[in-house]
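Novice: Below are the sequence and a predicted model; questions follow.
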Amino acid sequence: MREPPLELDGAKVLKFAMVSPEVEPTGATRHTVGGVEFGPAAALAIARYPNEEGTYLFYLDDSGQVVTDTWHASLDDALSQAAFEYEGLIWADVADA
């Protein structure tokens, strides 16, 4: 597993999970970027911007770049969304929530 990032797009990363071969996309959602379907992600990160409410679930490509994201009211909501989209994720704690 590669080293989890501490920050993405200026947001502090709280949790990080690789989408390894053992992780199964559920097919429950579809993400499009610029009209083109994206997925499955290579990794997921949950992060929080300073002085903002809520958390973001970032979807990363093979190079670790953020491709798209979703906003969630809480860390638990972001984790629930990730579990809805991928089965078998193993989360690493990166920073204190």
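Specialist: Nice, I can see it.
Novice: For Val67, list the residues it contacts.
Specialist: The contact partners of Val67, taken as Cβ atoms under 8 Å, 6 or more residues apart in numbering, are His31, Val33, Phe38, Ala41, Tyr59, Leu60, Asp61. C-beta coordinates here come from the backbone N, C-alpha and C atoms, glycine included.
Novice: Just want the most central residue of the chain.
Specialist: Leu44 (2.8 Å; Cα atoms, centre = their mean).
Novice: so which helix or strand takes in Ser80?
Specialist: According to DSSP states H and E, Ser80 maps onto helix 75-85.
Novice: from memory Thr29 sits against Tyr86, does it?
Specialist: No - checked against Cβ atoms under 8 Å, the pair Thr29 and Tyr86 is beyond contact range at 9.9 Å.
Novice: Which of these two has more residues huddled nearby?
Specialist: Tyr86 (20 against 12; other Cβ atoms under 10 Å).
Novice: what helices or strands is the helix holding Ser80 leaning on?
Specialist: When contacts are defined as 3 or more Cβ pairs under 8 Å, 6 or more residues apart in numbering; DSSP states H and E, helix 75-85 packs onto strand 11-18, strand 43-48, strand 55-60, strand 66-72.
Novice: What residues of the third one count as buried?
Specialist: So that's strand 55-60. Residues of strand 55-60 classed as buried under the neighbour-count rule (16 or more other Cβ atoms under 10 Å) are Thr55, Tyr56, Leu57, Phe58, Tyr59, Leu60.
Novice: which among the contacts of Val67 gets closest to Phe16?
Specialist: Leu60 (8.9 Å; Cβ to Cβ).
Novice: what's the closest non-adjacent residue to the closest one?
Specialist: Nearest residue to Leu60 in three dimensions, chain neighbours excluded: Ala43, at 4.3 Å (Cβ to Cβ, 6 or more residues apart in numbering).
Novice: So what pairs up with that neighbour in the strands?
Specialist: Met18, Leu60 (DSSP bridges).
Novice: What's the local residue count around it?
Specialist: Counted with other Cβ under 10 Å, Ala43 comes out at 21.
Novice: My read is that it contacts Lys15, right?
Specialist: No - using Cβ under 8 Å, Ala43 makes no contact with Lys15, being 11.0 Å away.
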